[in-house]
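# just coords:
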């Protein structure tokens, strides 16, 4: 699709990675480097984010999901594993609800069934107000701190900030609106894919109750909890995370 950046590495069965809010495909760097030896890894920058910051922004999770499908269709990829992180996990759920036959295995990473996340470090509207008040740069740093137990001292904190800087303020605000409007709670039983749900016990965005709803309502699902991790498990316990994901995909 026009103005959508798509990164491809490796050969084999496709593994599609979808980043979260204020992210980009760069935030999957340790996973791309690892999984390219096992899969054809496809990681795209969502419209308005990363290298896709010239693309038209979206204000619904449904339209994000459709964009991913269209990108994969252009690449002639019709069957794949799918992993989504945070907002990307919402997009992954939406994709599984609409065309689960195209997805082999599904991984919901640090995500939940509600865009307006109960117990989040701040409400969606507070995030919107802070974005307008503080600007994109400060907002990125403040939010990225919540993604790590070590906050801005975390190894991959700077990588997250660099990814976020490529976003546009319009995309950030539109994505917050998209999340606020989205709710998959009543439809999760329709997801028939074998699903792995991963969550860090220090996550400030999603509570345990949220991931338990995913576990209870997605029929063929397993929940793995990482101790001592916040929102970005894949950048806090890289080796452990990659190993568990690989074991699930290869099982």
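Thanks, I have it. These numbers were taken from a predicted model, which means no experiment stands behind them.

# Going along the chain, name the strands of the stretch 151-251 of the chain.
194-200, 221-226 (DSSP state E, counting those that start in this stretch).

# orientation of the first one relative to strand 221-226 in degrees?
When you say that, I think you mean strand 194-200. Strand 194-200 runs at 20 degrees relative to strand 221-226, counting by axes from the mean of the first three to the mean of the last three C-alpha atoms, to 10 degrees.

# ok, the nearest residue to residue 208 once chain neighbours are set aside to residue 77 distance?
Among residues not flanking residue 208 along the chain, residue 199 sits closest, at 7.1 Å (C-beta to C-beta, 6 or more residues apart in numbering). Yep, even glycine has a C-beta here, placed from its N, CA and C like the rest. Plainly put, residue 199 is 28 Å away from residue 77 if you go by C-beta to C-beta, to the nearest Å.

# Could you check which of those two is surrounded by more residues?
residue 199 (26 against 16; other C-beta atoms under 10 Å).

# Could you name the helices and strands sitting against the longest helix along the chain?
In the chain, with assignment by DSSP state H, the single longest helix is helix 124-146. Contacts defined by 3 or more C-beta pairs under 8 Å, 6 or more residues apart in numbering; DSSP states H and E place helix 124-146 against helix 157-165, helix 169-181.

# now those helices in TSV, with mean neighbour count?
Formatted as TSV, those follow (neighbours: other C-beta atoms under 10 Å):
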stretch	mean neighbour count
helix 157-165	19
helix 169-181	20
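
# out of those, nearest to residue 131?
Among the helices and strands packed on helix 124-146, the nearest to residue 131 by C-beta to C-beta is helix 169-181 (5.7 Å).

# chain center to that closest one: distance?
How far helix 169-181 lies from its chain's middle: 14 Å, per C-alpha atoms, centre = their mean, to the nearest Å.

# Check stretch 152-169 too.
In terms of C-alpha atoms, centre = their mean, the centre of stretch 152-169 is set 15 Å apart from its chain centre.

# pLDDT at the residue located most distally from the centre of the chain, what is it?
Most distant from the centre of the chain: residue 133, at 25.7 Å, with distances by C-alpha atoms, centre = their mean. The model reports residue 133 with a pLDDT of 95.

# residue contacts, residue 105?
Residues counted as contacts of residue 105 (C-beta atoms under 8 Å, 6 or more residues apart in numbering) are 81, 82, 193, 194, 195, 196, 248, 249.
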